[in-house]
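> turn this into a structure:
(2 chains)
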There are 2 protein chains.
Amino acid sequence: MPFHQLPSIAKLEQLSKQPIDLTDENILTPKRIDSMMTESLGMRLFYATERVSEEVMTALFELAEQSQAVHKMEAMQAGEIVNFIQDHPSEDRPALHTAMRDFFDQRNTGSTARIATESAYKELEKLKNFLSQIELQGRFTDIVQVGIGGSQLGPQAIYLALQAYQKPHRRAHFISNVDPDDGAKVLRSLDLSKTLIVVVSKSGSTLETLTNQEYIKEYFRRLGLDPKNHLVAVTGQGSPMDDPGQYLSSFYMWDYIGGRYSTTSMVGGVMLAFTLGMDRFLDFLRGAHAMDRLALSHDATKNLPLLSALLGIWNRNFLGFSTCAVIPYSEALSRFPAHLQQLDMESNGKRVNKSGQVVEFETGPIIWGEPGTNGQHSFFQLLHQGTTVVPLEIIGFCESQYREDVIFRGSSCQDKLLSNMLAQSLALAAGQKSDNPNKFFPGNRPNRVLLAGRLDPFTMGALLAYYEHKVAFQGFIWDINSFDQEGVQLGKVLALRFIEQFALLRQGKNPDPKTFPLGHAYMRHLL
Amino acid sequence: MPFHQLPSIAKLEQLSKQPIDLTDENILTPKRIDSMMTESLGMRLFYATERVSEEVMTALFELAEQSQAVHKMEAMQAGEIVNFIQDHPSEDRPALHTAMRDFFDQRNTGSTARIATESAYKELEKLKNFLSQIELQGRFTDIVQVGIGGSQLGPQAIYLALQAYQKPHRRAHFISNVDPDDGAKVLRSLDLSKTLIVVVSKSGSTLETLTNQEYIKEYFRRLGLDPKNHLVAVTGQGSPMDDPGQYLSSFYMWDYIGGRYSTTSMVGGVMLAFTLGMDRFLDFLRGAHAMDRLALSHDATKNLPLLSALLGIWNRNFLGFSTCAVIPYSEALSRFPAHLQQLDMESNGKRVNKSGQVVEFETGPIIWGEPGTNGQHSFFQLLHQGTTVVPLEIIGFCESQYREDVIFRGSSCQDKLLSNMLAQSLALAAGQKSDNPNKFFPGNRPNRVLLAGRLDPFTMGALLAYYEHKVAFQGFIWDINSFDQEGVQLGKVLALRFIEQFALLRQGKNPDPKTFPLGHAYMRHLL
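Residues are numbered from 1 along each chain as shown, chains lettered A, B, ... in the order given. Below is the predicted model:
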């Protein structure tokens, strides 16, 4: 049944006409804070500052039931085909990122999932051997990840998040953009003789990545270095990049791993295991796996990603908010919002449901965000007093990573960080009356806080998977396909037409204005 | 007269009921591309891919006239009081960031502006002497900017944008977040004996900045270094930080320079002149000044920031889009969207007009963005096929900065970068029909492209001021105060109440639950 016809929808629509008023002191009480809090895997989710009543929560849990959200999660993790559009040519395959970390307790029993896990384990073993070997040789201090989209955003976000745990004298860098200045800036800063290059492209044909690979090879050759001694591939088996003549080694990924879900596969694995060491990389996988298991829980009050998905749907489809800001109170998570931006918007920025019908409701919101407390001194003005309401997902940790702190005016930096986080959550919800209209805060800005003990590899893995499953649950509930990305094709095709024009000019030929009139019009105006 | 009562508004509302259809091949033509293009200061703005007709443009130009946008810009640049809310206590002062770079041709003749420029020039001279001195001593290779909000975002964005032009062996770093891991990560990576620390706070009392300063001083002392030999202050004259006992030197800023408008003052100046050298810093100021002059033009077709402001108002108030994505096709501009996020959202995220009335229309949109081509492999799926339309501001350059490139398959990286940029602009506007609903692109996604020759210091200065004035023009047209930020106060007050609770706990005291019941409820649940 399509989303908008599920029986709980009418009830939720009714309830959304008069959502509770968080500026009322009799509503936002200590008791509400205590009761709208749930804990799993050492994480606490506080949602008293969302505009939900007990009735709304009950209706949302019904929505989860009626849309069979957890059953679909079970199907996904077991390896059933979930990436499809019915009656239309589509990718028609499973989405098995959970199999990339199913090496620990309570393994999935689905036969497709088991086969995928076995393949993933082989790559992990191959990686372990490869890293021991280069460790023995002591050849490399730096690693450059060459990839774009999911081959960069997730891996980079996790690398930055876990820098406090990395091996000494190992650093990672990233080249993604086809902008030649991206490569130039990174390569100039490195001793390339000690640098390992990981080139990541599932198809082995991503234009940006192949171009950057060529750019890098040129750089090596100019320095008298043989690129082959520095390059490693992460690609599909049998792709043009699966070539021992060109690479020290090839690590495999599969068509059932979407780019934006690939951080726990070899796409993130080679770079993360190189910088963190294998043990910490395994802790990271262990955390992701623990969240995978939690996502299978039919108790929606304990199933953190499902609970978060439902609150997001309330904000998106019933209260009508078109964006969602992710605000980590953790500088280490500075690029995590950029990863979530891809994860969520590429997965759920869709207009067609899985039956191929154009949807009659809103799907994925616009995801954006920056760390707090920085954001408070930037865009929080609009969050408090702007004319557009932005729901917030706040993430925080009780302890710092480096455990270096200073007491200033009676409190530590970490105390101040947590104080600011909780203060913003309350201030946005409760608002403040004032006779001065410019000092009046309307409040009722919905937000929730996910709190964990410390951002370590296990917790980071759990947090990554929490969002992967939140996004998947929303897709399941909306009945859209969260695992394809047809929307990126048109731009690619048009870009190739422009590139053809540039190539002609480079050959000294004048392109015929009639073959691509709009393109020709722009090209004439280039400076 | 309030915005919604201006005579052109009714006309624009009428026109917005049937905006032109960019998916119609007879509308989006080469002729339209030629005619909807304007050039000033070596920059070209293409807006054929906005949903505007000639009639809409005429009405928008009338709106500019009726709201006296350019007169208000003249008043601002001359130093009249523009930061106020009538009949209510407010900051009541000028906004004179343009005076910080009015050192070149065609200087402003307003007496307040001239005095401000003279003061700014003194600081510039002081900086020149200071830098020559430390250059002679050869003491410093690295500089750490300690500041938050406008004291970090703009300066960091410009530093990254102009790294290709920086002096060899000079690097800048930034500590802003009160998160102790922010400081730890930066300080661990440096040889502090060769590091200059610039602490930036106008009031000399910003909690994050003073805390981080203390954190850094501790770090120096632990290494047996005297912090006083490394610290420089940028602050208001007479502030607690204007203290020769604590700093090598103090550089001044003034209450008429808002944080988010302060990059061309000493707030950005010390760090940028240290890394770029004084000549290039002056080129940067020269570019900003050139755009300041252009913003005074009454010819709205040439006045780039005014034109951009009007197109933004069309998208926000008449087509009803609540966000705007800034997509620079330039990796060097990777943090420029984060600066613009503050600049725009803190300036125009307001609910009260300058007469103190609650507005009856939408004000500043949510600004977000990441560089292309990276974004194409991330959130562009939603831009093409999501249910929420996002207008785009695209920025591009014909030449690269480093001029290092490679020909791969007949075209350069730069060719490919420009091809992708233009392709996305067209694809978003024109869309594509298909029988497969999942391959159907609805189009009519409005966007415009600002194109310049090369991202050098002059162009960067012009681009910075282009956005400063775009934002100011929108504020002038909406008749809101773009220069205060009352919305950040409530969170600060509540944060201090939480900090008090933490401080009591550190003293071994149990806070009374009754003094701050909601705070107490959260604190009990910390992990």
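> ranges for the helices of the stretch 101-250 of chain A?
A:111-137, A:153-161, A:180-188, A:207-222 (DSSP state H, counting those that start in this stretch).
> how far is the second one from where the chain is centred?
Distance of helix A:153-161 from the chain centroid (Cα atoms, centre = their mean, to the nearest Å) equals 10 Å.
> related to what we said a few turns ago, highest mean neighbour count out of the helices of the stretch 101-250 of chain A?
helix A:153-161 (a mean of 25; mean count of other Cβ atoms under 10 Å in any protein chain shown). C-beta coordinates here come from the backbone N, C-alpha and C atoms, glycine included.
> stretch A:434-445: end-to-end distance?
By Cα to Cα, to the nearest Å, the extent of stretch A:434-445 from end to end equals 17 Å.
> and chain B, is stretch A:410-420 touching that?
Yes. Judged by Cβ under 8 Å from any Cβ of the partner chain, stretch A:410-420 comes into contact with chain B at A:410-420.
> okay, now the closest residue to chain B within the stretch 51-200 of chain A: neighbour count?
Proximity of the stretch 51-200 of chain A to chain B (Cβ to the nearest Cβ) peaks at A:G149, 2.8 Å away. Applying other Cβ atoms under 10 Å in any protein chain shown, we find 29 other residues in the vicinity of A:G149.
> what sits against the closest residue to it other than its chain neighbours?
In space, not counting the residues next to it along the chain, A:G149 is nearest to B:H377; the distance is 2.8 Å by Cβ to Cβ, 6 or more residues apart in numbering or on different chains. Contact partners of B:H377, counting by Cβ atoms under 8 Å, 6 or more residues apart in numbering or on different chains, are A:148-150, A:176, A:208, A:259, A:342, A:488.
> indicate the residue of the stretch 351-500 of chain A located nearest to chain B.
Residue nearest to chain B within the stretch 351-500 of chain A (Cβ to the nearest Cβ): A:L382, separated by 2.4 Å.
> and that residue, what element?
helix A:380-385 (DSSP states H and E).
> what pairs with whatever helix or strand comes next after that helix, parallel or antiparallel?
The C-terminal neighbour of helix A:380-385 among helices and strands, as given by DSSP H and E, is strand A:392-397. Paired strands of strand A:392-397, with direction, are strand A:323-328 (parallel), strand A:447-452 (parallel) (DSSP bridges).
> before we move on, back to that, the residue nearest to A:G149 and A:S201, how far apart?
In this view, B:H377 and A:S201 are 11 Å apart by Cβ to Cβ, to the nearest Å.
> tell me which element A:A273 is part of?
helix A:266-276.
> still on that earlier bit, mind checking pLDDT for the residue of the stretch 51-200 of chain A closest to chain B?
On pLDDT, A:G149 comes in at 96.
> residues contacting it?
Neighbour list for A:G149: A:176, A:259-260, A:342, A:346, B:374, B:376-378 [criterion: Cβ under 8 Å, 6+ apart].
> where does chain A dip in pLDDT?
A:527 (pLDDT under 70).
> wait, doesn't A:H289 sit right on A:N108?
No. Look at A:H289 against A:N108 with Cβ atoms under 8 Å: they stay out of range, at 9.9 Å.
> looking at these two, which is more packed in?
Remark: of A:H289 and A:N108, A:H289 carries more neighbours, 25 against 22, as counted by other Cβ under 10 Å.
> so A:A300, which state does it fall into?
Following DSSP: H, G, I helix; E, B strand; the rest coil, A:A300 is assigned to coil.
> from B:L333, how far out is it?
Distance, A:A300 to B:L333, using Cβ to Cβ: 43 Å.
> comparing those two, which residue is more hemmed in?
Comparing A:A300 with B:L333 by neighbour count (other Cβ under 10 Å), the higher total belongs to B:L333, at 28 against 22.
> got the residues of the stretch 1-150 of chain A near chain B?
Going by Cβ under 8 Å from any Cβ, the residues of the stretch 1-150 of chain A near chain B are A:28-30, A:33-34, A:37, A:42, A:44, A:46, A:85, A:88-90, A:148-150.
> buried members of these into PyMOL, please.
Of these, the buried ones can be selected in PyMOL as follows, counting by 16 or more other Cβ atoms under 10 Å in any protein chain shown:
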select buried, chain A and resi 28+30+33+37+44+46+85+88+90+148+149+150
